[in-house]
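Visitor: need a structure here:
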Amino acid sequence: MDTFWDDVDRHLVRYGGTFTREIIDSASGSFLFTEDGRRVLDFTSGQMSAILGHSHPRIVETVQRQIANLDHLFSGMLSRPVVDLARRLAETLPPSLTKVQLLTTGAESNEAALRMAKLVTGKHEVVAFARSWHGMTAAAAAATYSAGRKGYGPATPGNFAIPAPTGDWQAQLDLAFDLIDAQSVGSLAACIVEPILSSGGILEPPLGYFAALQAKCRERGMLLIMDEAQTGLCRTGNWYAFERDGVVPDILTLSKTLGAGLPLAAVITSDEIEAEAHARGYLFFTTHVSDPLVAAVGNTVLDVLAEERLDERAAKLGAFLRNGLEDIASRHDLVTDVRGRGLLVGLEIADESMSAPITQRCLDLGLHMNIVQIPGMGGVFRIAPPLTASEEELAMGLGILDEAIGAA
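Guide: Model (predicted):
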């Protein structure tokens with residue numbers, strides 16, 4: 001008798017929501033395969049990370065080759081894959097972003113970015129969006145407001161939330177910083193933001209907002225940190241989502257998509273900020289900093305993104321996906337909005353109570369979806385398929401989603 005689910009109940013810590021009651025046996029391309037033989041279309045790219053799909057042959061080959069040669073080193077040692085990836089990332093970015101530190105997770109990269117900003121500015125206060133998600137470690141969690149704040153005691157001192165922009169966003173931003181100034185002890189170090197708030201419901205600040213936000217930071221001597229865990233590396237139709245706004249952050253963090261599903265993250269900043277941090281004794285020494293195995297994977301990810309022009313593909317497929325979602329919205333009153341950019345799209349439904357049944361119905365029909373439930377807003381499906389998905393696979397997902405909503 002298979003005791004798998006008994007072992008789950010007996011031995012696994014439940015770390016958020018409930019576990020999907022399917023045993024995933026393998027994955028390939030845009031699909032997951034269960035032990036029962038079911039094929040499930042993955043509309044979330046794993047945890048919004050597998051931008052090249054699952055088990056991409058180039059990634060498989062790189063891992064097999066690299067792990068047989070050089071996998072892990074003492075944190076003070078360097079290898080060619082690490083330095084190559086740092087150089088190549090800098091080459092994809094504006095000329096002010098030149099210095100790279102390679103880490104493992106989004107939380108870790110944001111932790112390092114905030115630590116660096118505090119050290120360089122000599123200040124400690126941090127501003128973030130009220131629907132933000134930056135991670136579950138100390139400073140990152142303190143700057144996360146979309147979930148996980150209750151029951152854990154005091155957060156890191158000096159953290160402030162500002163509303164995600166709606167309506168007259170300039171007046172809203174002015175008021176937000178009036179309130180920040182009133183609460184600040186004169187130690188504003190940084191503002192950390194996602195270009196598109198994913199856990200906040202795929203909310204995209206309007207054009208001009210980030211330029212105005214950067215001006216607020218400059219006036220106060222704050223550094224602007226952009227967290228492109230989900231938006232970075234071609235998903236939005238540009239290599240980086242901040243490109244749309246003509247605003248270059250002081251510090252950029254990447255994760256998720258950089259490793260295409262493997263644990264790889266980066267902190268990227270300017271020569272000037274890195275030099276000041278180093279002069280002040282910047283310390284972020286971790287077990288897996290500058291690991292060669294995942295750095296080699298990162299180089300392969302950049303190869304595939306460039307060779308296959310996946311930024312252009314994301315824009316084209318994103319238009320196809322959005323047209324299909326808008327068609328669904330036109331036929332179902334339950335759907336109230338479609339938003340996002342490229343292959344990071346949100347579908348909002350009015351009735352929060354329908355979120356779980358629609359999600360389960362999608363899974364029953366062979367489509368894995370993720371929904372953000374926002375009190376007072378209903379629910380927002382976060383749709384982020386691999387950039388390698390085909391139009392036929394997107395059409396299949398749209399058909400299943402249409403059927404699931406129609407049955408709600």
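Visitor: low-confidence stretches in the stretch 251-400 of the chain?
Guide: For the stretch 251-400 of the chain, applying pLDDT under 70 flags the ranges 374-378.
Visitor: could you pull out the helices for it?
Guide: Using DSSP state H, counting those that start in this stretch, the helices of the stretch 251-400 of the chain run over 271-279, 292-307, 310-331, 355-365, 391-406.
Visitor: please identify the deepest-packed of those.
Guide: Comparing the helices of the stretch 251-400 of the chain by mean neighbour count (mean count of other C-beta atoms under 10 Å), helix 292-307 comes out on top with a mean of 21. Glycine gets a C-beta too; all of them are placed from N, C-alpha and C.
Visitor: residue closest to the middle of the chain?
Guide: In the chain, the residue lying closest to the centroid (C-alpha atoms, centre = their mean) is residue 230, at 2.6 Å.
Visitor: thought that one was touching residue 344?
Guide: Yes. Assessed by C-beta atoms under 8 Å, residue 230 is found in contact with residue 344 at 6.3 Å.
Visitor: list the residues that contact both of these two?
Guide: Listed contacts common to residue 230 and residue 344 are 196, 198, 384; contacts here mean C-beta atoms under 8 Å, 6 or more residues apart in numbering.
Visitor: not counting sequence-adjacent ones, nearest residue to residue 22?
Guide: Of all residues beyond its chain neighbours, the one nearest residue 22 is residue 34 (4.8 Å), with distances taken as C-beta to C-beta, 6 or more residues apart in numbering.
Visitor: which ones are touching the one you found?
Guide: Counted by C-beta under 8 Å, 6+ apart, residue 34 has contacts 22, 23, 24, 25, 40.
Visitor: again with residue 134
Guide: 106, 107, 110, 128, 140, 141, 143, 144, 192, 194, 227.
Visitor: can you put the residues you listed in CSV and add distance to residue 92 and secondary structure?
Guide: Formatted as CSV, the contacts of residue 134 follow (distance: C-beta to C-beta, whole Å; DSSP: H, G, I helix; E, B strand; the rest coil):
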residue, distance to residue 92, secondary structure
106, 19, helix
107, 23, helix
110, 20, helix
128, 26, strand
140, 24, helix
141, 29, helix
143, 26, coil
144, 27, coil
192, 21, strand
194, 19, coil
227, 17, strand
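Visitor: closest to residue 79 among the residues you listed?
Guide: The shortest approach to residue 79 among the contacts of residue 134 belongs to residue 106, at 23.1 Å (C-beta to C-beta).
Visitor: so the closest one is in contact with residue 253, correct?
Guide: Yes. Contact criterion C-beta under 8 Å: residue 106 and residue 253 qualify, at 6.9 Å.
Visitor: out of these two, which sits in the busier spot?
Guide: Using other C-beta atoms under 10 Å, the more surrounded residue of residue 106 and residue 253 is residue 253, with 33 against 28.
Visitor: burial check on the residue lying closest to that one once chain neighbours are set aside, number of neighbours?
Guide: Among residues not flanking residue 253 along the chain, residue 109 sits closest, at 4.1 Å (C-beta to C-beta, 6+ apart). Neighbourhood size, residue 109 [other C-beta under 10 Å]: 32.
Visitor: same question for residue 56.
Guide: Residue 56 has 22 neighbouring residues, counting by other C-beta under 10 Å.
Visitor: what do you get for residue 334?
Guide: Counted with other C-beta under 10 Å, residues neighbouring residue 334 total 16.
Visitor: do the same with the one 3 residues further on
Guide: Applying other C-beta under 10 Å, we find 18 other residues in the vicinity of residue 337.
Visitor: next, residue 217: secondary structure please.
Guide: helix (DSSP: H, G, I helix; E, B strand; the rest coil).
Visitor: that one and residue 191 touch, don't they?
Guide: Yes. Using C-beta under 8 Å, residue 217 makes contact with residue 191 at a distance of 5.3 Å.
Visitor: shared neighbours of those two, anything?
Guide: Listed as contacting both residue 217 and residue 191 by C-beta under 8 Å, 6+ apart are 223, 224.
Visitor: okay, now stretch 21-31: how far is its last residue from its first?
Guide: Start and end residues of stretch 21-31 are separated by 17 Å (C-alpha to C-alpha, to the nearest Å).
Visitor: buried residues, it. List them.
Guide: Neighbour counts over stretch 21-31 (16 or more other C-beta atoms under 10 Å) mark 27, 29, 30, 31 as buried.
Visitor: of those residues, closest to residue 175?
Guide: Nearest member of those to residue 175, counting by C-beta to C-beta, is residue 30, at 44.1 Å.
Visitor: circling back: now, the most widely separated pair of the contacts of residue 134?
Guide: Going by C-beta to C-beta, the pair spanning the contacts of residue 134 furthest: 141 and 194, at 15.0 Å.
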